[in-house]
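> missing the sequence, but the structure's below:
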């Protein structure tokens, strides 16, 4: 194995390509117009320079930029412990279907998440429902279980 040295370094294969040579005729692969487009204003030197923001540029620059990211993924519907306490009997199984029956989530809800917000004294069995760590602890304290 040879030593690494500056005079032996090479670019990776395919990482570099030759610059386009324009004005070398049809056989060059750049056609009649040599990469300068068709006839008209944009074919001329200095033509089609674009929009001039006369006086508007400062206003555009001072406007706040759109920042951040908003996911298109649907968030789970939040359910509170007080709602479960009021709507379900002791020992009941709580899943998306039963939540829809009790009108705690909308009919087109795909998922639900149990968050804190109240007390729970009933023993409930949660199936296929996400929970926060605090809500899970409260359910398990009331002898319920989270599957």
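Thanks, I have it. Bear in mind the structure is a predicted one, so any value in this text is a computation, not a measurement.
> what's the weakest-modelled helix or strand in the chain?
Using mean pLDDT, DSSP states H and E, helix 57-62 stands out as the lowest-scoring helix or strand of the chain, at a mean of 83.
> so where's the chain uncertain?
Applying pLDDT under 70 to the chain flags the ranges 1, 51.
> swap the cut-off to 80 and go again
Confidence mapping of the chain against pLDDT under 80 gives the ranges 1-2, 47-54, 57.
> quick one, helices of it?
Listed in chain order, the helices of the chain (DSSP state H) span 57-62, 81-87, 96-101, 133-141.
> sorry, back to before: any chance you could list what contacts the least confident helix or strand of the chain?
Applying C-beta atoms under 8 Å, 6 or more residues apart in numbering, the contact partners of helix 57-62 are residue 53. Bear in mind the C-beta positions are built from the backbone N, C-alpha and C, glycine included.
> Tell me how far it lies from the chain's centre.
29 Å (C-alpha atoms, centre = their mean, to the nearest Å).
> Over to stretch 111-124?
29 Å.
> which residues of this protein fall in strands?
Taking DSSP state E as the criterion, the chain contains strands spanning 77-80, 93-94, 112-115, 125-126, 130-131, 145-146.
> contacting residues around residue 77?
With C-beta under 8 Å, 6+ apart, residue 77 has these contacts: 105-106, 109, 111-113.
> Which residue would you name as the spatial centre of this structure?
Against the mean C-alpha coordinate of the chain, by C-alpha atoms, centre = their mean, the closest residue is residue 71 at 3.8 Å.
> thinking again about what came up before, could you say which of the helices of the chain is packed most deeply?
Among these, ranked by average contacts under mean count of other C-beta atoms under 10 Å, first place goes to helix 81-87 (a mean of 17).
> Just the terminal-to-terminal distance for stretch 105-115.
14 Å (C-alpha to C-alpha, to the nearest Å).
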